[in-house]
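Any chance you could fold what I've pasted below:
(4 chains)
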4 protein chains.
Amino acid sequence: MDYQALLERIHSELEPRFGEGRVARYIPELANVSPEHFGMALVTTSGERYRVGDADVKFSIQSISKVFSLAIAMQLDGEAIWARCGREPSGNPFNSLVQLEVEAGIPRNPFINAGALVVTDAILSRLSDARGAVLDFIRRVSGDADIGFNEAVAASEAATGHRNAAMAHFLKSFGNLHNPAAAVLDAYFHHCAIEMSCVQVAEACLFLAARGRSPHVEEPVMSASETKYLNALMLTCGTYDAVGEFAFRVGLPAKSGVGGGIVATLPGHYSVCVWSPGLDAQGNSTLGSCALDLLTSESGVSIF
Amino acid sequence: MDYQALLERIHSELEPRFGEGRVARYIPELANVSPEHFGMALVTTSGERYRVGDADVKFSIQSISKVFSLAIAMQLDGEAIWARCGREPSGNPFNSLVQLEVEAGIPRNPFINAGALVVTDAILSRLSDARGAVLDFIRRVSGDADIGFNEAVAASEAATGHRNAAMAHFLKSFGNLHNPAAAVLDAYFHHCAIEMSCVQVAEACLFLAARGRSPHVEEPVMSASETKYLNALMLTCGTYDAVGEFAFRVGLPAKSGVGGGIVATLPGHYSVCVWSPGLDAQGNSTLGSCALDLLTSESGVSIF
Amino acid sequence: MDYQALLERIHSELEPRFGEGRVARYIPELANVSPEHFGMALVTTSGERYRVGDADVKFSIQSISKVFSLAIAMQLDGEAIWARCGREPSGNPFNSLVQLEVEAGIPRNPFINAGALVVTDAILSRLSDARGAVLDFIRRVSGDADIGFNEAVAASEAATGHRNAAMAHFLKSFGNLHNPAAAVLDAYFHHCAIEMSCVQVAEACLFLAARGRSPHVEEPVMSASETKYLNALMLTCGTYDAVGEFAFRVGLPAKSGVGGGIVATLPGHYSVCVWSPGLDAQGNSTLGSCALDLLTSESGVSIF
Amino acid sequence: MDYQALLERIHSELEPRFGEGRVARYIPELANVSPEHFGMALVTTSGERYRVGDADVKFSIQSISKVFSLAIAMQLDGEAIWARCGREPSGNPFNSLVQLEVEAGIPRNPFINAGALVVTDAILSRLSDARGAVLDFIRRVSGDADIGFNEAVAASEAATGHRNAAMAHFLKSFGNLHNPAAAVLDAYFHHCAIEMSCVQVAEACLFLAARGRSPHVEEPVMSASETKYLNALMLTCGTYDAVGEFAFRVGLPAKSGVGGGIVATLPGHYSVCVWSPGLDAQGNSTLGSCALDLLTSESGVSIF
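Numbering: from 1, shown residues only, chains lettered A, B, ... in the order given. Modelled structure (predicted):
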């Protein structure tokens, strides 16, 4: 498969639509990003690397960080993490408190905000520096030290994150947050505020397509079966309240963020990251979804 | 009507059941109150005063304070308070976040916790000392300066009040809390921690039975129509998720608290306060409800 | 109190607004009623009768019939009816299935549709002719034989009542409907299709203001305490999802119907019926609510 | 891969647990099936066939039929079917009416009961014999005419299916059922009452693993992209409220039925059907899920 030609074809096909969708506006740092950006990078398990457009421009990875924090919590806590967090699609918006109340403080899955707060809390109970742990993990698996927090984004998230604060206190009222709400929120907001390029994200997630192996790390990042678990969770829970639609159209495990990035994997073959800041009604990148749809349709290969 | 004889008959009839119900356990200060207490005081609009049992023992008024804070907010804000808070029974537990999400941050009524937080916030926006404002109001309308906060209770509420904190942050996320969550919570927890006896509560609420007039205050506390509004709200929203049952059995506007107190009014006739710490499944005093049921059944007079 | 003068003042004051609100449109028989109608009748416990406007024009009583069917079921089943139906305001639209699912087939109260279906089923289990039972009761307590079903309305309700049919089958799935769904629905639709004038409705409901006595019936219709129960239920559950607002503004136990009628009682004093077909967003007659608001405000007397 | 040896190993490993789980009890025909049955059949895209245990015993396919009826509706209606039915996991029990109310009569997906009723209605609008259409399709794609309805099961479903009846009327109230509720329910109950063996089901679903081609049909059953869509829907919506868990553990698109059958596909490789009547709390076959878990774990191949 000539992926370079395919990426370029996708880029050309979508170029007239650059700017589509609605950039996230809840903090100025995201609102000020130009909606015209479009980048895409693909890394295969055999070591080929392809890129197109703004693939080297950094963006706020936001909820894509949930993949990395979960990977760490699974390593630290093993099965125990699943006693505190479910594995089912929520059928509700990512920041809903309703389901949390009905289900007595056990978040539906680790990719909605409530679940990510529990995951962050679990890391914090094991490692004093939960912020740093996620950043270090990302640097290690991507083989790239030039990745960091955008402190202005983290500060803005904290200043406006009343709903996340509500969620943290709510989890605490159910006994499902063991550290102080403020400490968990601080780490969580920093995870969301990590900045990476498409190339860096695709590189960092290659282990998900490679049965847990990263070319940048000697030992396996995770076991093959843990990798299967993470991919399954991404497919059923990774794209907010549009997982069915996304599986239907794209057919790849994926995780999106409100910064406009989406990472996806074709297990055994490649990891891919696309970035375009305009979002659809469900909070997924409009052109990002289209690009991945084109990728699987035109290559004729998805997991299904 | 010989109310003294009636109160004594109620006391005797319920005496074998003293201790029934479940004392609130979420903070030690409430859990340690003896469930055997029972007191009742009734004040008529013509100035007669009746009491029985532990009518002079102070207890934590808890949600009964919501009547006083609403009275103040209605004076300060007039109709404007109803743009931020509804007037309908919730059909849900008093501390539910579900309804708040569905209804976009407008609490159903001022007597559920979310509504009382909004009311407290409204007071705080007008008066720097929201704690003191409620205490002063109570002292004034009861003509009794010997009423104060139990600081240990307030501190315990703050230490364990994760769900109320969640609610405050959630309201803030909808823009329906104008002051810092911490300041609103501090005032709210202090209102709940006010201690009064049955005699003091009945005295303080007499204006609700007397078209807004208190014998201890020269000018009207509220207008006759505002008094009607407050009584109507107590009837439809004052006893948590048991308002229908309470109206059915007792037939008086009432407000209960998890300290085991209930205040009720028969407009034009009397205000009455009963206290017995054991609660039923809905959070209302078990014997308190029975006592008021007996009061209206045996006197043959209710609002219906 | 000169009620005749007051009714005429209310009529004059509202005349410029005749036609306000939205006439129920779900069946042609209701949609074709002129929105300009306005009638009001008041009957006192001492036997005075007042009327104004279209007080003698018949309209479809719709949900006002729920008061009569409940009165009958309370007579037939006593306390047992409350094992199958709650007594709490629903906090949800009158035809919601959500709450029914959450609460496992026990309707919140007898004045939402699901509750009225259970009440009708209870009557049907005791009397073969549940339709006739309600009509006979109404004729008896109003002392007026000139009351009947509008068969066209009943047929239209049946033809379009898919949601009520859903509710009946749903109740059956929980075992809370003992007769065939079709039989219960047929009786229920006929109850809704009874036609009465304001004068007839006020007359028929006088027993609710008179401790259970009707001037047209020798024995008591109900006991004084059962009358208290019915009034309490009307106050907390009688006006759909606007009971708090209605209690707040009007301050009388009341039951409304989508035909635009509202019946209300001031226990010990009077029963009153107002009719104006235009409805507000909650399904209560817009001008009917205003008229009752004026009645209690200008007379200065409500239950509060 | 020696699938025959693997199936036999799975059979041996699970044999001590035969009888686990709870057989569906809502109709006698299902309740009377012995919980000890266990069968499994696997068919590869290259034409190999494997079986173990009771693979030739017929069972009630129940909700597995939803795959076939959806396949037909997609052929008849194309994209139009998705205007009437969503493609998202529900996050709620398969027979919930709550979500249907919140989402105004558009079922979340075609594999919950409400969605299957809409799909059946769509078929009925195109073909007079909706029952026969599904049976014919199954016979054709499985190359096996010895498949039919169990009329006793269909009759029992009809007699006890009050909740499905509620759902059909509810859909009708939203205008999302075009044929009479009774006709749709009759066809739907017959689809559920089809009886097949594991061998027959695996054979019938082979086209889902083979880009739409069945060895028994000359032309493609569906296009490759439609096959991808169906597999994606099975993965995100096929196993009731356990799709996340199932994807996590098994990692294959699958559809289960309360008769204890589960069909799953590994696109490009095989279709497999397992049957064991005992169900878990979510309504999926307990040992069926274990068997598929073992199949993907021991073969080391899933879609992830």
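
I'd like to know which residues of chain A are adjacent to chain D.
Chain A comes close to chain D at residues A:86-92, A:99, A:108-109, A:224-225, A:227-229, A:231-233, A:235-237, A:241-245, A:247-248, A:251, A:253, A:267, A:297, A:300, A:302-304, as judged by CB under 8 Å from any CB of the partner chain. C-betas here are computed from N, CA, C, even on glycine.

Restricted to buried residues, select these in PyMOL.
This is the PyMOL syntax for the buried subset of the residues of chain A next to chain D, where burial follows 16 or more other CB atoms under 10 Å in any protein chain shown:
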select buried, chain A and resi 86+87+88+89+90+91+92+99+108+109+225+227+228+229+231+232+233+235+236+237+241+242+243+244+245+247+248+251+253+267+302+303+304
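
pLDDT weak spots in the stretch 51-200 of chain A?
A:92-95 (pLDDT under 70).

And whichever residue of it sits closest to chain C, how close does it get to residue D:98?
Using CB to the nearest CB, the closest approach of the stretch 51-200 of chain A to chain C is made by residue A:102 at 9.2 Å. Distance of residue A:102 to residue D:98, given as CB to CB, to the nearest Å: 11 Å.

Do a quick rundown of the helices in the stretch 101-250 of chain A.
Applying DSSP state H, counting those that start in this stretch to the stretch 101-250 of chain A gives helices spanning A:113-126, A:130-142, A:151-160, A:162-173, A:181-192, A:198-204, A:206-209, A:224-237, A:243-249.

contacting residues around the closest residue to chain D within the stretch 51-200 of chain A?
Closest to chain D within the stretch 51-200 of chain A is residue A:91: 2.5 Å, counting by CB to the nearest CB. With contact taken as CB atoms under 8 Å, 6 or more residues apart in numbering or on different chains, residue A:91 is in contact with A:99, A:241, D:88, D:89, D:90, D:91, D:92, D:99, D:108.

Also residue A:183?
The contact partners of residue A:183, by CB under 8 Å, 6+ apart, come to residue A:124.

Repeat the analysis, applying 10 Å as the threshold.
By CB atoms under 10 Å, 6 or more residues apart in numbering or on different chains, residue A:183 lies in contact with A:120, A:121, A:124, A:128, A:130, A:131, A:168, A:177.

domain assignment for chain A?
Domain assignment for chain A by automatic domain parsing gives A:3-62+A:195-299, A:63-192.

and those domains as CSV, adding distance to residue C:209?
Shown next, in CSV, are these (distance: least, CB to CB, whole Å):
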stretch, distance to residue C:209
domain A:3-62+A:195-299, 52
domain A:63-192, 42
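
nearest to residue B:55, of those?
Minimum separation from residue B:55 across these (CB to CB) falls at domain A:63-192, 35.1 Å.

how far does the closest one stretch from start to finish?
End-to-end distance for domain A:63-192: 6 Å, by CA to CA, to the nearest Å.

ok, now which ones touch residue A:151?
By CB under 10 Å, 6+ apart, residue A:151 lies in contact with A:190, A:193.

Against residue A:186, how distant is it?
Distance from residue A:151 to residue A:186, by CB to CB: 12 Å.

same question, residue A:26
Residue A:26 sits 18 Å away from residue A:186, going by CB to CB.

Looking at the two, which has the bigger crowd around it?
Neighbours were counted for residue A:26 and for residue A:186 using other CB atoms under 10 Å in any protein chain shown; residue A:186 has more, 17 against 12.

Surely the more buried one is in contact with residue A:192?
No. If you go by CB atoms under 10 Å, residue A:186 and residue A:192 don't touch, sitting 11.2 Å apart.

export the contacts of residue A:183 to JSON lines and tack on neighbour count and distance to chain B?
Below are the contacts of residue A:183 laid out as JSON lines (neighbours: other CB atoms under 10 Å in any protein chain shown; distance: CB to the nearest CB, whole Å):
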{"residue": "A:120", "neighbour count": "33", "distance to chain B": "17"}
{"residue": "A:121", "neighbour count": "25", "distance to chain B": "13"}
{"residue": "A:124", "neighbour count": "22", "distance to chain B": "17"}
{"residue": "A:128", "neighbour count": "9", "distance to chain B": "23"}
{"residue": "A:130", "neighbour count": "27", "distance to chain B": "20"}
{"residue": "A:131", "neighbour count": "22", "distance to chain B": "21"}
{"residue": "A:168", "neighbour count": "30", "distance to chain B": "8"}
{"residue": "A:177", "neighbour count": "28", "distance to chain B": "8"}
